[in-house]
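K.L.:
Kindly return the folded structure for what I paste below:
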Amino acid sequence: MKTIVCPSTLQSGFDTFSPKARKSLFGGKQVSPILPFKHQDIRTTAFQGFGQSFRQLSISGVQEKYGLVLDSNTLRLPKPNEQTKYILKPIPPDLPNASEIPANEHLTMQIAQQVYSIPTAANGLIFFADEEPALLIKRFDFRPDGSKWRQEDFASLSGRTKQTAGLDYKYEGSYEEVAQLIKQHLPAYRVETEKFFRLLLFNYLFSNGDAHLKNFSIVETLDGDFVLSPAYDLICTRLHLTDSDMALKDGLFSNDYETDSYTANAFYAFDDFLIFGSRIGIAEKRVRQQLVIFQKDYEKVRAMTQNSWLSDAAKATYLACYESRLKRLNYAFKMNR
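P.N.:
Have a look, this model is predicted:
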């Protein structure tokens, strides 16, 4: 398959993974962006013993995930009980515009890292032998010696399971409650709360309506304490679903709190995030500094979108969603009364 941009960084002028991408994804190894098998091969009898053992459900509830092993310079499916350090997310079935999902998530993850300096799991597009795209993610829960870091998501931290909170347990609560859990569990909570605030702003700006409790987690550090993990499962869900602005049922605020701006407009805008930031313990000056970053219209967002593997129609929709949310974040209710 011939490419004109790096399948990871989306940098022009590459027909394979760029040196920067090889370093972040593969420790500098030259790995082909073409897998030596097809998507359908994973489902055949020969692979059933492997696929079922590490197949999971993703944010949409229908997306497949498979583990991969880097063997020398080749990514392959694991043997039974073999530890995997890569996650492969193919095109899922039964979703609108499903073929766009790997490119959508890849683009959104890269924009988060490159434009907004949000730490994300190392990722790139990769292609099956028949050129069908999939998203490749390098797991971040392994120590250099191969043992695993402790990791826990916010559904677990909040004590919510199917048994305690029902089938939609990961959508219960508010983002203000997530911030309270950060303060409760993370020693450097002031720094981590600001990181969470930036990630929440990013998810809103790029219309990720599926940023639920299991899509935020904490991970162990060398010192034995915890910090927020790199971001993952970042995607513009509006390309596939007409979903809500916020994944959590109570939205930004706990205890049914609502700003005058939201009451008047029925959508979150500048005032909501300004008040939210203050309510979760960030100094107003710092809240405003963070908001400014997400109120700017970055040309690099447009350039990366054009370099992405999205179809032309999906690119137009993606940028239209971005522009719509930009307008919201630049709308100050008090100034427009």
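K.L.:
in the stretch 201-337 of the chain, which spans are strands?
P.N.:
For the stretch 201-337 of the chain, the strands defined by DSSP state E, counting those that start in this stretch occupy 217-220, 226-228.
K.L.:
Give me the domain ranges for the chain.
P.N.:
If you go by automatic domain parsing, the domain ranges for the chain are 19-138, 151-336.
K.L.:
and the end-to-end length of the shortest one?
P.N.:
Which is domain 19-138. Terminal residues of domain 19-138 are spaced 16 Å apart (C-alpha to C-alpha, to the nearest Å).
K.L.:
do stretch 182-195 as well
P.N.:
End to end - C-alpha to C-alpha - stretch 182-195 spans 11 Å.
K.L.:
For it, give me every contacting residue.
P.N.:
Residues outside stretch 182-195 that contact it (C-beta atoms under 8 Å, 6 or more residues apart in numbering): 118, 157, 179, 196, 218, 225-228, 280-282, 286, 290. Quick note: C-beta positions are derived from backbone N, CA and C, even for glycine.
K.L.:
Show me which residues of it are buried.
P.N.:
By 16 or more other C-beta atoms under 10 Å, the buried positions in stretch 182-195 come out as 182, 186, 189, 192, 193, 194, 195.
K.L.:
and the fourth one, how far is that from residue 178?
P.N.:
In this structure, residue 192 lies at 11 Å from residue 178, with C-beta to C-beta, to the nearest Å as the measure.
K.L.:
For the stretch 1-150 of the chain, which residues score under the pLDDT cut-off?
P.N.:
In the prediction, the stretch 1-150 of the chain carries residues with pLDDT under 70 at positions 1-3, 43-62.
K.L.:
tell me the centre residue of this structure?
P.N.:
Centroid check for the chain by C-alpha atoms, centre = their mean gives residue 234 as the closest residue, at 2.2 Å.
K.L.:
which one is that one nearest to, not counting chain neighbours?
P.N.:
residue 108 (4.5 Å; C-beta to C-beta, 6 or more residues apart in numbering).
K.L.:
correct me, but residue 96 touches residue 243?
P.N.:
No - Residue 96 sits out of contact with residue 243 when judged by C-beta atoms under 8 Å, with a separation of 11.3 Å.
K.L.:
Single out whichever of the contacts of stretch 182-195 has the smallest pLDDT.
P.N.:
Ranked by pLDDT, these bottom out at residue 225 (94).
K.L.:
Tell me, how many residues neighbour the closest residue to residue 332 other than its chain neighbours?
P.N.:
Spatially, and ignoring its direct neighbours in sequence, residue 332 is nearest to residue 270 (4.6 Å; C-beta to C-beta, 6+ apart). Using other C-beta atoms under 10 Å, residue 270 is surrounded by 20 other residues.
K.L.:
From residue 205, how far off is the residue nearest to the centre of the chain?
P.N.:
Residue 234 is 11 Å from residue 205, by C-beta to C-beta.
K.L.:
what does residue 114 give?
P.N.:
From residue 114 to residue 205 the distance is 15 Å (C-beta to C-beta).
K.L.:
neighbour count winner among these two?
P.N.:
The neighbour count for residue 114 versus residue 205, taken as other C-beta under 10 Å, is higher for residue 205 (23 against 17).
K.L.:
Contacts only, for the more buried one.
P.N.:
By C-beta under 8 Å, 6+ apart, the contact set of residue 205 is 294, 322, 325, 326, 329.
K.L.:
What score does the closest residue to the third one other than its chain neighbours have for pLDDT?
P.N.:
In other words, residue 325. Spatial nearest neighbour of residue 325, chain neighbours left out: residue 205 (4.8 Å); criterion: C-beta to C-beta, 6+ apart. pLDDT for residue 205: 98.
K.L.:
Same check on residue 337?
P.N.:
pLDDT, read off for residue 337, is 58.
K.L.:
now swap in residue 328 and tell me
P.N.:
pLDDT, residue 328: 98.
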